[in-house]
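Chemist: Have a look at this fold, sequence not included:
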């Protein structure tokens, strides 16, 4: 049995080592994948928000050259003002993105999810449960990891376990029956003090073993049976095993000595012929099995702790890779794009005064603006490495509604107010909010109908997405309808980037509501 156990332990350790090696190899892959995913997510919106402004500047610069050549000073001034305004808007968008990219891990989010006013209060805290830092509790693995120096944590205090209660009951029943048959009914009562301490053998192994040994010695004095009761042998086996299996650290080694001495003295007095059998079968062998089981438990716990640490290390490496990628993008965006856009804004603003006074100088500035805009656009595309794509906006909300209807959701869209000139980045952010809200409703809300209202005012865009899904209650999917809280956090951060207002939570009349206000003159 010992040989079989040793072979199984070697196989287990080989498997644990192989698992740890596989996890180590996957760390770099996971880190690279996380960085690539983060880069793609940031780059997509970055390009869509800023690229369109740069493209419009390039187109306006080309048209401006034609107007200057034709001598149309009024149109030239208007185009220069338009270029300067677009450059300032794009520069503001770049600075917002830089703020997100440079935010270090662990810093406070732009608009952290928390209690919100009104009916949304019941939906606050939809994010993932907080992770409490800290290592695993000390356990038998410490005997292995520390070479016997670190004590093993004793089992938790409390009511004895069912297995220990059953073992004590079996010893009591067997001892009572055996003694009643051998020495009479009154002798059966002496089985009680022998079995009574056994339920606490995991918490106090040495004390229980000594109490059991004392009870056996008293029983031998009172009853004096012809042979050593089998129930007493079983009680000593359980007590000796517990010393090996549950004693902290090196106590497992020296704690067995007084027990062995007591068993030897008892056997020498009452059963001289069974001295060797009592020491080997009642003490040494059960204790050795207990030690082996403790080592096995320690190795298994150690493997699990190492696996958990590997998981945490993978997460740390992935987060570090994401942070590194964010900072790289921030550096390149600041050095290669933001500077060029600043040059465009300054040159276009100053060129208005040259129109009509210094035609050659004005034309030179216009060519410089066009060149710098093309360079900025090329740098942005190089940094993001994303294919060209049209930036979606609120004009495509009906497409989102049609897609949701195809999935079985009755979506009604209402547009209020004449659409003003909406900046590309605000238009994109508003579209993403509606898109995410409808996606959450379709996937998680079990709703039959959703209403999307877009209201334009001279200074803001107001979005309101409601559904008639089941209200907040004990159903877990409803409590985490946005896939763990990331959808709501993403919407909050988009709104916070533009200094807007965001509110999400169960509606007063049932269902769920997402409400956002995006100012058009974002800071």
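Modeler: On my side now, so go ahead. Being a predicted model, the structure only gives us computed values, none of them experimental.
Chemist: Going by C-alpha atoms from here, please, whenever you check contacts or count neighbours.
Modeler: Noted.
Chemist: what sits against residue 260?
Modeler: Residues near residue 260 by C-alpha atoms under 8 Å, 6 or more residues apart in numbering: 279, 283-284.
Chemist: Now intersect the residues you listed with the helices, please.
Modeler: residue 279 (DSSP state H).
Chemist: Please verify my assumption that residue 426 contacts residue 520.
Modeler: Yes - counting by C-alpha atoms under 8 Å, residue 426 touches residue 520, with 7.1 Å between them.
Chemist: More neighbours: the two, which one.
Modeler: Taking neighbours as other C-alpha atoms under 10 Å, residue 426 and residue 520 compare with residue 426 leading, 25 against 22.
Chemist: what sits against that one?
Modeler: Contacts for residue 426 (C-alpha under 8 Å, 6+ apart) come out as 498, 518, 520.
Chemist: Break this protein into its domains for me.
Modeler: The record's domain split for the chain, according to automatic domain parsing, is 2-107+311-384, 141-147+160-305, 394-519.
Chemist: Make CSV out of those domains and add mean pLDDT.
Modeler: Formatted as CSV, the domains of the chain follow (pLDDT from 0 to 100):
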stretch, mean pLDDT
domain 2-107+311-384, 75
domain 141-147+160-305, 82
domain 394-519, 81
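Chemist: Can you list the buried residues in the host helix or strand of residue 187?
Modeler: Per DSSP states H and E, residue 187 falls inside helix 185-188. Neighbour-count burial for helix 185-188 flags 187-188 (criterion: 16 or more other C-alpha atoms under 10 Å).
Chemist: going on from it, what's the next piece of helix or strand?
Modeler: helix 191-195.
Chemist: Can you spell out which helices and strands pack onto whichever helix or strand comes after that following helix?
Modeler: Per DSSP H and E, the first helix or strand lying C-terminal to helix 191-195 is helix 205-223. Where contact means 3 or more C-alpha pairs under 8 Å, 6 or more residues apart in numbering; DSSP states H and E, helix 205-223 is packed against helix 191-195, helix 230-246, helix 256-270.
Chemist: what's the most buried one of these?
Modeler: Neighbour counts (mean count of other C-alpha atoms under 10 Å) averaged over each of the helices and strands packed on helix 205-223 peak at helix 230-246, with a mean of 25.
Chemist: That one - contacts with which helices or strands?
Modeler: helix 162-183, helix 191-195, helix 205-223, helix 251-254, helix 256-270, helix 285-332.
Chemist: The fourth one: which residues count as buried?
Modeler: Looking back up the chat, that one is helix 251-254. Quick answer for helix 251-254 (16+ other C-alpha under 10 Å): 251-252.
Chemist: what comes into contact with stretch 431-443?
Modeler: Contacts of stretch 431-443 (C-alpha under 8 Å, 6+ apart): 392-394, 396-397, 400-401, 404, 407, 409, 447, 450, 452, 463, 465, 467, 469, 481-482, 487, 491, 514.
Chemist: element containing residue 421, please.
Modeler: Short version, using DSSP H and E: residue 421 is in no helix or strand.
Chemist: Let me know how buried it is, in neighbour terms.
Modeler: By other C-alpha under 10 Å, neighbour count at residue 421 equals 10.
Chemist: want to throw the contacts of residue 426 into a markdown table with secondary structure and distance to residue 371?
Modeler: Shown next, in a markdown table, are the contacts of residue 426 (DSSP: H, G, I helix; E, B strand; the rest coil; distance: C-alpha to C-alpha, whole Å):
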| residue | secondary structure | distance to residue 371 |
| --- | --- | --- |
| 498 | coil | 30 |
| 518 | strand | 33 |
| 520 | coil | 29 |
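Chemist: just the residues you listed now: which is nearest residue 325?
Modeler: For these, the closest approach to residue 325 (C-alpha to C-alpha) belongs to residue 498, at 23.7 Å.
Chemist: Look up phi and psi at that closest one.
Modeler: phi -110, psi 10 (degrees, to the nearest 10).
Chemist: My read is that it contacts residue 517, right?
Modeler: No - Residue 498 is beyond contact range of residue 517, at 9.5 Å (criterion: C-alpha under 8 Å).
Chemist: of all the helices and strands packed on helix 230-246, which gets the most neighbours per residue?
Modeler: helix 191-195 (a mean of 23).
Chemist: what's that one in contact with?
Modeler: So helix 191-195 is contacted by 168-169, 171-172, 175-176, 179, 211-213, 215-216, 219, 232, 235 (C-alpha under 8 Å, 6+ apart).
Chemist: now that helix, how far from the centre of its chain.
Modeler: 51 Å (C-alpha atoms, centre = their mean, to the nearest Å).
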